[in-house]
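K.L.:
Quick one: sequence and predicted model below, then my questions.
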Amino acid sequence: MEAVTIYLSIYFCLLFLLVLIRFINKLWWNPIWTQSQMRSQGIKGPSYKFIHGNTKEIINMTNEIMSSPMELTHQIFPRVYPHVYSWIKLYGTNFLMWNGLQPQLVVAEPDLIKEILNDKDRAHPKREPTNFIKKFLGDGLVTTQGEKWFKQRKLANHAFHVETLKSMIPDMIASVEMMLERWRDYEGKEIDAYKEFKVLTSEIISRTAFGSSYLEGENIFNMLTKLAFFISKNEYKVRIPLIGKLVKTRDDTESDKVEQDIRDSVIKIVENREKNVITGEVASYGDDLLGALMMAYHDVDETTASVLSWTVLLLATHNDWQDKARKEVQELFGQQSPNADNISRLYPPAFHILRKVQKEVKLGKFIVPGNLDITIPVIAVHHDPQIWGEDAHLFKPERFAEGVAKATNNNVAAFIPFGLGPRTCVGLNYAITEAKIALSMILQRYKFTPSPTYVHSPVAIITINPQHGLQVLVHRL
Ligand code: HEM
């Protein structure tokens, strides 16, 4: 009996020791080793702090900068990504930082960005989405990999084909007309353009993705907005290994509920369609996006609403460009409208692109160890004075007068609002068509100026948005 007790004690001691070694390895040795590996190659960065990494510094910097509004300039990089801005200045274009225990290599050098996003050797897959992001994006095109992604992408390319897009234009026009009808009550007064564009883009995506079921679609997109809030709130919250998996926070439970509601709504739409096809009420599953794709969730309405909002601000504060844009629209009568390039340079809705390194890999002249996240800070590249000159933060659409290639000196990774390589945004043409239609129709009818109540406060919540809305005065032409 005594021998059994001794054996059991030894067993538990060994087990405890093993768990302790694993913990020390994960929480201390691994980070220190990775850090020294990168430093020996010249990649520096803020030092790893036990368990928290650099999250406390990140949260403090963000809270401090967001506690006061900024002047109405387009120098927004230090505000929306304060830690990346400070650390690029301190450590160089590429540096290593820590989201808790997870090392993140921040890469803002265009040559390396090109290598990562083109991903010829499939060495830089998409990052494993966090629990909250998984709920938001689902197991869809944005997050899948390999064969599954390939199949979904083929379907999506088909769903966003030029001919399919053409058939969506009447829906887009009808939605803009509805919005402009609402504006009639506000002529000479203030509107919140951001709120208006969120309603507009969610209406358009609901009509085009959910067709006849667009009211249910709108409900789904409202729930997605709730999930987006949980993602940004929890981005830098560190969870202790093991315990974090076992204990659910309030946000976990609430977002589980929203996720379930979204699933139920989508299933209801799909079941209704199946029922209608079986009973012969309709002949097919529908020719809208949902019918073709049962599409992956993406922050589709947020991104275009963001582009439209910042375009309106830039044109409201640069009357000369607003007049030029209107003249172009009037001359071409809506066939073409101002080029959105310069807007998505200064205010790129997708302000960063995320990848990872699974196994040790060569990147440029560096050897990058496995299990490392890669963050490409798009906004840093778009505001880089070395690429765009000392006036990088100024609104100067003439930069693009001779095309993007000329503006970037043929540097394809210098301007990447829609990404680059095989995982480039599949909705690019959809988003541009939608933005051009909305902008042309607004410019044809209204002149707009900033409202005295507008407070300039761009904030990064999944996309870059105006924190307190975007108030402009609209004057009928
Ligand atoms: C101004 C609006 C938009 C911007 C700036 C934007 C930006 C981006 C970027 C940067 C990526 C690449 C992400 C990466 O490489 O990790 C991406 C991917 C994607 N976007 Fe967009 N997007 C916009 C609108 C849309 C719209 C309207 C749709 C669909 C209706 C859409 C659907 C997608 C999908 C499905 C992917 C994933 C593609 C893949 O991984 O194969 N996007 N978007």
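P.N.:
In hand now; what should we look at? The shown structure was predicted, so the numbers you read here are calculated from the model rather than taken from an experiment.

K.L.:
Low-confidence ranges, the protein, go.
P.N.:
Scanning the chain for pLDDT under 70 picks out 1, 131-140, 209-218, 239-245, 270, 273-278, 280-301, 332-343.

K.L.:
distance of the residue in it that the ligand sits nearest to from L141?
P.N.:
Taking Cβ to the nearest ligand atom, the ligand has its nearest neighbour within the chain at G427, 2.1 Å off. Where you see a C-beta, it was placed from the backbone N, CA and C, and this is true even at glycine. Between G427 and L141 the distance, using Cβ to Cβ, to the nearest Å, works out to 10 Å.

K.L.:
Over to S175?
P.N.:
24 Å.

K.L.:
Can you get me a residue count around Y236?
P.N.:
Here the count is done by other Cβ atoms under 10 Å, and Y236 has 18 residues near it.

K.L.:
Please report phi then psi for the residue nearest to it when sequence neighbours are not counted.
P.N.:
Here the nearest residue to Y236 in space, its sequence neighbours aside, is T55; by Cβ to Cβ, 6 or more residues apart in numbering that works out to 4.3 Å. Per-residue torsions, T55: phi -60, psi -40 (degrees, to the nearest 10).

K.L.:
quick one: T55 and G100 touch, right?
P.N.:
Yes - counting by Cβ atoms under 8 Å, T55 sits close enough to G100 to count as a contact (5.9 Å).

K.L.:
List the buried residues of stretch 410-418.
P.N.:
Neighbour-count burial for stretch 410-418, counted by 16 or more other Cβ atoms under 10 Å, picks out N411, V412, A413, A414, F415, I416, P417, F418.

K.L.:
do the same with stretch 82-92
P.N.:
When burial is assessed from 16+ other Cβ under 10 Å, stretch 82-92 yields the following buried residues: P82, H83, V84, Y85, W87, I88, Y91.

K.L.:
what does that stretch contact?
P.N.:
Contacts made with stretch 82-92 from outside it, assessed by Cβ atoms under 8 Å, 6 or more residues apart in numbering, are listed as 43-46, 54, 57-58, 61-62, 64-65, 77-78, 95, 97, 106, 108, 375, 377, 380.

K.L.:
What of stretch 319-333?
P.N.:
Contacts with stretch 319-333, where a contact means Cβ under 8 Å, 6+ apart, come from 314-316, 336-338, 395, 397, 439-440, 443-444, 447-449.

K.L.:
how much distance is there from the helix or strand where I432 lies to the middle of the chain?
P.N.:
Secondary-structure element containing I432, defined by DSSP states H and E: helix 428-445. A distance of 20 Å separates the C-alpha centroid of helix 428-445 from that of its chain, computed with Cα atoms, centre = their mean, to the nearest Å.

K.L.:
Tell me which residues are up against it.
P.N.:
The contact list for helix 428-445, computed with Cβ under 8 Å, 6+ apart, reads 160, 162, 165, 168-169, 172-173, 176-177, 179-180, 197, 200-201, 204, 208, 300, 303-304, 307-308, 311-312, 322, 325-326, 329-330, 334, 336-338, 340, 418, 425, 448, 476-477.

K.L.:
I'd like the next helix or strand past that helix.
P.N.:
Remark: after helix 428-445, the chain's next helix or strand is strand 446-450, criterion DSSP H and E.

K.L.:
Name the strands paired with that next one and say parallel or antiparallel.
P.N.:
For strand 446-450, sheet partners with direction are given as strand 471-476 (antiparallel), following DSSP bridges.
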